[in-house]
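Trainee: I would like to see how this sequence folds:
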Amino acid sequence: MCRYAHRVNKYQRRRGVAVLVLLMMIAAIGFRFVSVNNGSTLNFAQIAAKAQRARLAALAKKEYSVIARAKLLVNVALPSHEGASAPATPAKLFVRPLIRHLVVGFVPYWTVPTLVAGGQASVDITDSTELVYSSVCVGKAGTLITLTTDCANGMAGLASPAFGSFMQLAHMNGVRVLLSVQTIDPAIIHSLGTHAATLAPTLEQNLSALVSTYGFDGINLDIEGRGPANRVGYVNFVRDFSRSLKSANPSLDLMVDTYPQSAASSSDFYDVARLSHYVDQFFVMAYAMENGKRSSANSPLGSATLGWSAAQTLVQYRAVVPANKIILGMPFYGLNFATKTNLPGSKLVSDAPSARLYSAVVAAGRPALWDVASATPYSVFRESDGWHQDWYDNSVSLALKTALAQVFHIAGVGVWAMSMEGGDLQMLNALTGENTPLKLPLATSVSTG
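Mentor: Predicted structure coming up:
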């Protein structure tokens with residue numbers, strides 16, 4: 001373009017300026033101009049809409065392309081029409097083992113005894129790169145609080161014999177264990193962001209005492225805010241927390257949980273582009289993406305309307321975040337909807353679906369149907385209060401999302417939460433890509449002395 005500009009003569013340059021001025025005048029009096037393509041009259045709103053349609057068409061083409069490539073990696077013939085029986089899980093989920101990648105699993109405190117029953121490491125442990133113990137709770141002053149049952153139990157669980165066995169078995173198998181600290185309280189989140197310079201180091205010191213005592217390999221920040229009010233403050237908090245954590249022990253990992261839409265919106269709580277300078281990994285919570293008014297997938301692979309999906313999430317994240325920092329989080333649970341009819345996409349009787357563990361879905365033994373657009377299974381049934389639908393992920397739908405992560409060359413995949421799959425080996429194979437997960441060096445514990 002620069003070379004071309006030098007060849008434009010003086011008359012052409014002046015004519016260009018005149019045309020620009022004329023267009024500005026036309027815009028000021030009527031916001032209209034004549035299209036050079038077909039002579040039709042368009043206003044600027046229509047031009048913007050046309051550009052938006054072109055952008056969405058390109059995005060749809062991109063989504064179709066990456067999903068098509070992911071499907072080629074999975075050894076399953078997928079149904080082509082809505083409501084067909086969901087495909088059976090083959091002996092081999094993938095055409096060939098996927099490239100080794102990170103596998104991250106959250107471990108809620110109440111599941112720890114299950115993972116170490118009998119003194120043996122479960123496959124949930126051995127087939128992982130990192131496990132995240134969930135969780136302890138942060139308060140306004142950067143302290144650790146136990147005001148609710150979950151907060152108290154999460155803290156108490158650290159001192160249990162089961163947790164000691166869990167940590168030992170994880171490290172024996174080369175699996176890193178992170179400590180998750182969480183809050184969804186708007187007042188606490190505002191305080192952390194407003195007073196980041198003092199509260200970030202305070203929280204880090206409180207957590208480092210637990211890291212040292214129990215041998216954790218890093219920290220997971222599960223601080224879930226809403227809207228842009230604390231967006232800048234949270235970046236400052238993570239920056240100061242990271243600096244404090246890494247100065248104490250550079251080998252400790254810092255993982256931050258984020259929403260699937262965070263990379264696409266400048267009004268989201270998480271500014272992932274800026275946060276990426278201070279974190280080692282993002283656990284992108286690519287679930288809870290249901291429609292809200294109709295029965296729909298919890299974690300759709302794609303969307304017929306370019307709505308929320310794993311494909312759109314990764315397109316958007318890859319545009320602003322280094323690939324080696326992205327973990328695509330997937331669910332070992334589904335959603336139960338009370339619906340008005342037995343049809344997929346039915347309007348809801350209640351706006352609040354309830355969680356349904358994958359193990360519970362399997363135990364119910366209902367026929368699994370297939371939703372083509374989201375590439376997930378669902379089941380339809382009646383109860384005393386009317387129609388219900390379970391929308392969930394199984395080994396095939398998870399394998400498709402793991403394959404999608406491979407297409408985008410991101411660091412790996414993760415899951416909320418371990419044990420919810422009931423020890424189903426195929427569910428775990430779907431995460432690993434039927435290959436050995438990458439292992440990371442264990443961290444050296446921080447000394448509080």
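
Trainee: and the helix or strand harbouring residue 363, what does it pack onto?
Mentor: Using DSSP states H and E, residue 363 maps to helix 358-364. Identification of packing neighbours for helix 358-364 by 3 or more Cβ pairs under 8 Å, 6 or more residues apart in numbering; DSSP states H and E yields strand 333-339. Where you see a C-beta, it was placed from the backbone N, CA and C, and this is true even at glycine.

Trainee: which strands and helices sit next to the strand it packs on?
Mentor: strand 354-357, helix 358-364, strand 386-391.

Trainee: what comes into contact with the first one?
Mentor: Contacting residues not belonging to strand 354-357 are listed as 332, 333, 334, 335, 336, 390, 392, 420, 422 [Cβ atoms under 8 Å, 6 or more residues apart in numbering].

Trainee: for the third one, give me its contacts.
Mentor: Translated: residue 334. Each residue near residue 334 by Cβ under 8 Å, 6+ apart is listed here: 298, 355, 356, 357, 358, 361, 390, 391, 392, 393.

Trainee: report the buried members of these.
Mentor: Neighbour-count burial (16 or more other Cβ atoms under 10 Å) applied to those gives 298, 356, 357, 358, 361, 390, 391, 392, 393.

Trainee: which two from these end up farthest apart in space?
Mentor: Spatially, the most separated pair among the buried ones among the contacts of residue 334 is 357 and 391, at 13.4 Å (Cβ to Cβ).

Trainee: now do the strands in the stretch 301-449 of the chain.
Mentor: 326-331, 333-339, 354-357, 369-371, 376-383, 386-391, 412-416 (DSSP state E, counting those that start in this stretch).

Trainee: please apply the same query to the stretch 51-200 of the chain.
Mentor: 102-108, 130-138, 144-145, 176-183.

Trainee: would you turn those into a markdown table with mean neighbour count?
Mentor: Formatted as a markdown table, the strands of the stretch 51-200 of the chain follow (neighbours: other Cβ atoms under 10 Å):
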| stretch | mean neighbour count |
| --- | --- |
| strand 102-108 | 25 |
| strand 130-138 | 25 |
| strand 144-145 | 17 |
| strand 176-183 | 23 |
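
Trainee: kindly state which of these is positioned closest to residue 94.
Mentor: strand 102-108 (14.4 Å).

Trainee: CA atoms only: put that closest one into PDB for me.
Mentor: The C-alpha trace of strand 102-108 is given here as PDB (Å, rounded to 0.1, in the frame of the first residue of the first chain):
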ATOM      1  CA  LEU A 102      -1.600 -31.600  29.600                       C
ATOM      2  CA  VAL A 103      -4.500 -33.200  31.400                       C
ATOM      3  CA  VAL A 104      -5.900 -31.200  34.400                       C
ATOM      4  CA  GLY A 105      -8.500 -32.400  36.800                       C
ATOM      5  CA  PHE A 106     -10.300 -30.700  39.600                       C
ATOM      6  CA  VAL A 107     -10.700 -32.700  42.800                       C
ATOM      7  CA  PRO A 108     -13.400 -31.400  45.100                       C
END
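
Trainee: sheet partners, orientation included, of that strand?
Mentor: In the sheet, strand 102-108 lines up against strand 130-138 (parallel), strand 412-416 (parallel) (DSSP bridges).
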